[in-house]
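>>> here's my sequence, what's the structure:
(2 chains)
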Amino acid sequence: MAFFNIFNIAGSGMSAQSVRLNTVASNLANADSVSNSAATAYKARYPVFQAIQTSLMSPGAAIDPTKGADASVKVSDIVQSTAPGAARYEPGNPLADANGYVYASNVNVVEQMADMISASRSYQNDVEVLETSKQLMLDTLKLGS
Amino acid sequence: MPLDLNTYLGIEPDALKVYSQRAEVLAANLANADTPGYQARDIDFRAALASAGSPGSPLTPVTTSPEDVTAGSAGGGLTTEQFLKYRIPLAPALDGNTVDSQMEESQFAQNTVRFQATLTFLNNRFSELSTAITGQ
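Numbers count the residues shown, from 1 in each chain, chains lettered A, B, ... in the order given. This is a model prediction of the structure:
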């Protein structure tokens, strides 16, 4: 029954979006974290979404339109941004290096906020799809009564 | 003359199947709205419904795995795979994603309303039948 697949598909979308919200939360929380070297400074994290066909169960395989309608989402990886973070001259900071510099994270707060809104809208879409499918299934159960 | 329930119900049960599979495709599109490289798909509804009922049609249950129950199985391999088409994107994203959430959502809503309309037609058929049986 196709509707049972919808629960899996929308569920996978919800879990992927919640991972994305998670990374946004951790990026925003660490937006002002500083470190004593550029290498150890906090780097923004981003999830990598990948479509997988549950009927094929081979993540990474290209979607084959002739092999089933379902395509769930999977978080295949979480990558760290390679953008350089700012070095600030703060000799009074206990984390400052020998030259008096602290290294800030490379989190772009505005971008993270936009990402957060996008993730929450997508999550809401998935919830809506789930709700509608559930209602249709219940209506089908009551058929003929 | 014995009543053939399949003929009596007409095309509605087949339409219900196609609607439910279309809902699945649209749900997959919505779930993959943020997946790079994902290309939105939809079912060619006219072709899918036109083939309904004919032997060997995708709407006739087929077994796809040994666990499938053969005749009339609810979880069987009812597939409309050959009617799956890629959407022509209005504004493809830079990452190769062609899902337009707003459009998918409106299609999903439309599909839902049609599914419910078909359910109503079927319900009316059943209540006609029960009126005929009970005579009241």
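>>> grab the most central residue of chain B for me.
Geometric centre of chain B, nearest residue: residue B:18, 2.0 Å, by Cα atoms, centre = their mean.
>>> how about the strands in chain B?
Secondary structure of chain B by DSSP state E: the strands cover B:41-43, B:84-86.
>>> what residue ranges in the chain are flagged as low confidence?
Reading this off chain A. Scanning chain A for pLDDT under 70 picks out the ranges A:1, A:54-69.
>>> my bad, the chain I had in mind was chain B
B:1, B:53-80.
>>> got TSV for the strands of chain B, with distance to residue B:8 too?
Bear in mind the C-beta positions are built from the backbone N, C-alpha and C, glycine included. Compiled in TSV, the strands of chain B are given as follows (distance: least, Cβ to Cβ, whole Å):
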stretch	distance to residue B:8
strand B:41-43	26
strand B:84-86	31
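>>> pretty sure residue B:122 contacts residue A:143?
Yes. Using Cβ atoms under 8 Å, residue B:122 is in contact with residue A:143, at 6.0 Å.
>>> same drill for the two, tell me which one is more crowded.
residue B:122 (19 against 13; other Cβ atoms under 10 Å in any protein chain shown).
>>> how about that one, nearest residue that isn't a chain neighbour?
Nearest residue to residue B:122, sequence neighbours excluded (Cβ to Cβ, 6 or more residues apart in numbering or on different chains): residue B:12, at 5.0 Å.
>>> next: residue A:45.
In this structure, residue A:45 finds its nearest non-sequential neighbour in residue A:23, 4.5 Å apart by Cβ to Cβ, 6+ apart.
>>> continuing past the helix or strand the one you found falls within, what's the next helix or strand?
Taking DSSP states H and E as the criterion, residue A:23 maps to helix A:2-29. Next along the chain after helix A:2-29, taking DSSP H and E as the criterion, comes strand A:34-35.
>>> still on that earlier bit, for the residue nearest to residue B:122, give me its contacts.
Listed by Cβ atoms under 8 Å, 6 or more residues apart in numbering or on different chains, the contact set of residue B:12 reads B:118, B:121-122, B:125.
>>> switch the cut-off to 10 Å
Going by Cβ atoms under 10 Å, 6 or more residues apart in numbering or on different chains, residue B:12 touches B:117-125.
>>> ok, now how distant is it from chain A?
Separation of residue B:12 from chain A (Cβ to the nearest Cβ, to the nearest Å) stands at 10 Å.
>>> which residue lies nearest the spatial centre of chain A?
Relative to the mean C-alpha position of chain A, the nearest C-alpha, by Cα atoms, centre = their mean, is the one of residue A:20, at 1.8 Å.
>>> and residue B:119, how close does it get to chain A?
Distance, residue B:119 to chain A, using Cβ to the nearest Cβ: 5 Å.
>>> bridging residues for residue A:73?
residue A:51 (DSSP bridges).
>>> that one contacts residue A:123, correct?
No. Using Cβ atoms under 10 Å, residue A:73 is not in contact with residue A:123; the gap is 11.6 Å.
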